[in-house]
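In: Just the structure for this:
(chains A, B, C and D)
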There are 2 protein chains.
Amino acid sequence: MEQSPPRNTSVTVADVARMAGVSKATAARVLGGYGTVSERVREAVTAAARALNYRPNELARSMTTGRSGTIGVVVGDIENPFFSLAVRGITDIARQAGFTVILINSGEDAETEKAAIRTLLAKRVDGLIVSPARESDIDHLREATRSGRPMVLLDRGSEMLGVDTVVADDRHAAEGITRRLIARGHKHIAYLTACDTPDHRFHTPADINTGSVRRRIEGFLGVCREAGLKGIEDWVHVGATTPEHTHRIVEAMLTSAQRPTAIIASDSVIGLEVFKLCRELGIRIPHDLSLVSFHDADWTSVTTPPVTVVRQPVYKLGETAARLLVERMNGDEAPATRIVLQTDLVERASVADAPA
Amino acid sequence: MEQSPPRNTSVTVADVARMAGVSKATAARVLGGYGTVSERVREAVTAAARALNYRPNELARSMTTGRSGTIGVVVGDIENPFFSLAVRGITDIARQAGFTVILINSGEDAETEKAAIRTLLAKRVDGLIVSPARESDIDHLREATRSGRPMVLLDRGSEMLGVDTVVADDRHAAEGITRRLIARGHKHIAYLTACDTPDHRFHTPADINTGSVRRRIEGFLGVCREAGLKGIEDWVHVGATTPEHTHRIVEAMLTSAQRPTAIIASDSVIGLEVFKLCRELGIRIPHDLSLVSFHDADWTSVTTPPVTVVRQPVYKLGETAARLLVERMNGDEAPATRIVLQTDLVERASVADAPA
DNA sequence: TTGAAAGCGGTACCAT
DNA sequence: ATGGTACCGCTTTCAA
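Out: Below you'll find the model as predicted:
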């Protein structure tokens, strides 16, 4: 009972219809699962379809329906555990809802991000989830929403954009850890982020284009000021974009006259780099230096000492964004919302009192 | 000079053509960048296009060209650093080559994987990169290749499938670490993998459906036998699919009469779990137990002690697979190849001589 | 319930 | 170089 190898050129509804002895429209109805057909015809068509090994062409379907069943996701870097976890949340929900995900890395580059959005729009995705590289320049995001396709912003929001946003309570989290550090006597607290500025130095939060990070820095600065700490702007370091840069920055601050007694790492990749460097340099955590990192990455609990972190509900962030998007794609017209997910401080052992 | 908000219903070549006062065919030529057109017409059309804010519909284009500019990627779990790094490699190459990536997680489940392939085929991806959950049942992969779309297998290969494959030298790597362990006097070496069998116990390598892991176990068993170790099949533990399962398995083996003096973890997620558990249980690495893990995950270098690992060129694995696929999509008809990438053993400090 | 035919938004062949 | 037009594979009126 050898089957002849199903041929290469694709089988269409027309082929199936012909074999089943019905019209194209009728065959399409049973194959597409819409309209009404008699039981007899349904069986005939189904049989013909499987005999011919028919495979629907979603592209053609999308052409007429106007829905591609696809959502576009643009993140900074899927290699970063933060994003890979968020993307897992997104894809899980998307699959459940019958959508497929097109993933694009922006590499945190604004131009790449623009191209990505353009590509996604051209591919007629039904919706978008974007973690914008910079909040300042968002015309491409505007255009996306103008195209009528729903979009939700992930982790980083542009308040002014009037679009659904799912973020963590970054400012609050930063305030919390800063207070904690200050309570322990720290007066020289450095904040280290990958976000960069044109001159690679920090002046004001307005310099920071990444919403989540800007909010954290605002929280950090605010609490420091409240506590009467001066010149704290100088303690914010930007541009830790690669391990090498991070290395250089941290080494410089640690060997300077005014060295910090505590460092806040804006993400786990940076936190890891700081940890490694301290080892190399023989700086003992938390004795010589206290360390707090954002993102409860897996490694933070197995180091010696384990690292105190801000735990963000990353998976849930992605999940929530996807849920919101699915609702929008299903026609929910409610005004744009901003969902803020709570973080919590996981105190481990990388923070100690400031050295006397 | 307020622009009227570009309308929602999409602008087509016909619209542009009308405005530019040329035929649809001509407009399509300049918009699609094919054929030849006079400079004057080109300008007129371009002007009209931007005035109308024309956006090409890739779906329609794909319909006629038969190419979607999309590749489908099916991995076990994007949350796993191994896959997220490989996917980074894939997406980088894909973007360079002008392709977009549809990502689907199989969750290492064969049924989900089948559905994924079906979906991808329906969406008319131009090619596929798959990390098959199980080598034994591969009809869906057959079907994919039969559809005429190139496919390359990532990290796990089915020798018999006659399809391009990119893997690491898993057997060789396993042999290497096993020898190393034996040279250090270890006679009770456990191998721990997430792969599962129907009865959750290991009998023969043929039970193991994941190619890469099977090859590692074969290497492991082979070297053990050479060294005259007996009953080593009992030292292979399967089913460490979740932290909880891993916990239970490791705890059981560590508290049994015949406890291992060394553990080989088949991936970094498991390795991390073992490390954590040892801490909890007060088992000192490497004094009480030696540990080697596959995958040079970031955390392995910052623990105390740092963990000896098999470094796999994960990014390159993805990159190579994507390169190969792009060549195929460009018409390369050469016979299927199997590319084996070298791993290397990174000796850190989690391995010591076996206790006397 | 079924069929004929008109699109969807492009591409590509064939004339002119 | 340009225009006319027949598709691509499916959905969706509109009639029968």
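
In: make it CA atoms for all contacts and neighbour counts henceforth
Out: Will do.

In: Now do A:Ala122 against DNA strand D, distance only.
Out: 16 Å (C-alpha to the nearest atom of the strand, to the nearest Å).

In: residue contacts, that residue?
Out: B:Arg55, B:Pro56, B:Asn57, B:Glu58, B:Leu59 (C-alpha atoms under 8 Å, 6 or more residues apart in numbering or on different chains).

In: Weed out the non-buried ones from those.
Out: B:Arg55, B:Pro56, B:Asn57, B:Glu58, B:Leu59 (16 or more other C-alpha atoms under 10 Å in any protein chain shown).

In: Pipe those into CSV and attach distance to DNA strand D, pLDDT and secondary structure per row.
Out: Formatted as CSV, the buried ones among the contacts of A:Ala122 follow (distance: C-alpha to the nearest atom of the strand, whole Å; pLDDT from 0 to 100; DSSP: H, G, I helix; E, B strand; the rest coil):
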residue, distance to DNA strand D, pLDDT, secondary structure
B:Arg55, 18, 94, coil
B:Pro56, 14, 95, coil
B:Asn57, 12, 96, coil
B:Glu58, 11, 96, helix
B:Leu59, 9, 96, helix
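
In: Grab the two from the residues you listed that are most spread out in space.
Out: The distance between the two most remote of the buried ones among the contacts of A:Ala122 (C-alpha to C-alpha) is 11.6 Å, for B:Arg55 and B:Leu59.

In: right, is the least confident helix or strand in chain A by mean pLDDT up against chain B?
Out: Within chain A, confidence by mean pLDDT, DSSP states H and E is lowest for helix A:139-146 among all helices and strands, at a mean of 89. Yes. Applying C-alpha under 8 Å from any C-alpha of the partner chain, one finds helix A:139-146 in contact with chain B at A:Arg146.

In: Need the residues that contact stretch A:229-236.
Out: Contacts of stretch A:229-236 (C-alpha under 8 Å, 6+ apart): A:187-192, A:202-204, A:217, A:221, A:224-225.

In: May I have the strands that pair with the next helix or strand along the chain from the least confident helix or strand of chain A, each with its orientation?
Out: Using DSSP states H and E, the helix or strand that follows helix A:139-146 in sequence is strand A:151-154. Next to strand A:151-154 in the sheet, as set by DSSP bridges, lie strand A:127-130 (parallel), strand A:164-168 (parallel).

In: Leaving out the residues flanking it, which one is nearest to the residue in chain A that DNA strand D sits nearest to?
Out: Residue nearest to DNA strand D within chain A: A:Thr12 (3.2 Å; C-alpha to the nearest atom of the strand). Excluding its sequence neighbours, the residue lying closest to A:Thr12 (C-alpha to C-alpha, 6 or more residues apart in numbering or on different chains) is A:Tyr54, at 6.8 Å.

In: And A:Arg67, by the same measure?
Out: A:Arg67 sits nearest to A:Asp126 (C-alpha to C-alpha, 6+ apart), 6.1 Å away.

In: residues in contact with the one you found?
Out: Contact partners of A:Asp126, counting by C-alpha under 8 Å, 6+ apart, are A:Arg67, A:Ser68, A:Gly69, A:Thr70, A:Ile71, A:Gly72, A:Arg149, A:Pro150, A:Met329.

In: do A:Asp170 as well
Out: Contacts of A:Asp170 (C-alpha under 8 Å, 6+ apart): A:Ser212, A:Val213, A:Arg215, A:Arg216, A:Thr343.

In: pLDDT score for the fourth one?
Out: Pointing back at A:Arg216 there. Per-residue pLDDT puts A:Arg216 at 97.

In: so which helix or strand takes in it?
Out: helix A:211-226.

In: And the next helix or strand past the helix or strand harbouring A:Glu273?
Out: Assigned by DSSP H and E, A:Glu273 belongs to helix A:268-281. For helix A:268-281, the succeeding helix or strand toward the C-terminus, using DSSP H and E, is strand A:290-294.

In: between that next one and helix A:268-281, how many degrees?
Out: Interaxial angle of strand A:290-294 relative to helix A:268-281 (axes from the mean of the first three to the mean of the last three C-alpha atoms, to 10 degrees): 160 degrees.

In: strands paired with strand A:290-294, and their directions?
Out: Partners of strand A:290-294 in its sheet, by DSSP bridges: strand A:262-265 (parallel), strand A:308-311 (parallel).

In: Dump these into CSV; add mean pLDDT and mean neighbour count as well.
Out: Formatted as CSV, those follow (pLDDT from 0 to 100; neighbours: other C-alpha atoms under 10 Å in any protein chain shown):
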stretch, mean pLDDT, mean neighbour count
strand A:262-265, 98, 25
strand A:308-311, 98, 24
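
In: Next, format the ones you listed as a markdown table and append distance to A:Gly107.
Out: Shown next, in a markdown table, are the strands paired with strand A:290-294 (distance: least, C-alpha to C-alpha, whole Å):
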| stretch | distance to A:Gly107 |
| --- | --- |
| strand A:262-265 | 20 |
| strand A:308-311 | 24 |
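
In: Out of those strands, flag the one nearest B:Leu281.
Out: Taking C-alpha to C-alpha, strand A:308-311 is the member of the strands paired with strand A:290-294 nearest to B:Leu281, at 21.7 Å.

In: Quick one: residues contacting the residue of the stretch 151-300 of chain A at minimum distance from chain B.
Out: Per C-alpha to the nearest C-alpha, A:Trp299 is where the stretch 151-300 of chain A lies closest to chain B, at 4.8 Å. Going by C-alpha under 8 Å, 6+ apart, A:Trp299 touches B:Leu272, B:Asp298, B:Trp299.

In: sorry, back to before: so for A:Ala25, which of the strands paired with strand A:290-294 sits nearest?
Out: strand A:308-311 (54.9 Å).

In: got the angle between the following helix or strand past the closest one and strand A:164-168?
Out: Using DSSP H and E, the helix or strand that follows strand A:308-311 in sequence is helix A:314-329. If you take the same axes, to 10 degrees, helix A:314-329 sits at 170 degrees to strand A:164-168.

In: Would helix A:314-329 count as contacting chain B?
Out: No. Between helix A:314-329 and chain B, judged by C-alpha under 8 Å from any C-alpha, nothing touches; the nearest distance is 9.7 Å.

In: Show me what that helix is in contact with.
Out: Contacts of helix A:314-329 (C-alpha under 8 Å, 6+ apart): A:82, A:85-90, A:92-94, A:97, A:126-129, A:149-155, A:164-168, A:341.

In: mind running it again at 6 Å?
Out: A:Leu85, A:Ala86, A:Gly89, A:Ile90, A:Val166 (C-alpha atoms under 6 Å, 6 or more residues apart in numbering or on different chains).

In: Count residues in the vicinity of A:Glu143, would you?
Out: The local packing of A:Glu143 (other C-alpha atoms under 10 Å in any protein chain shown) involves 15 other residues.
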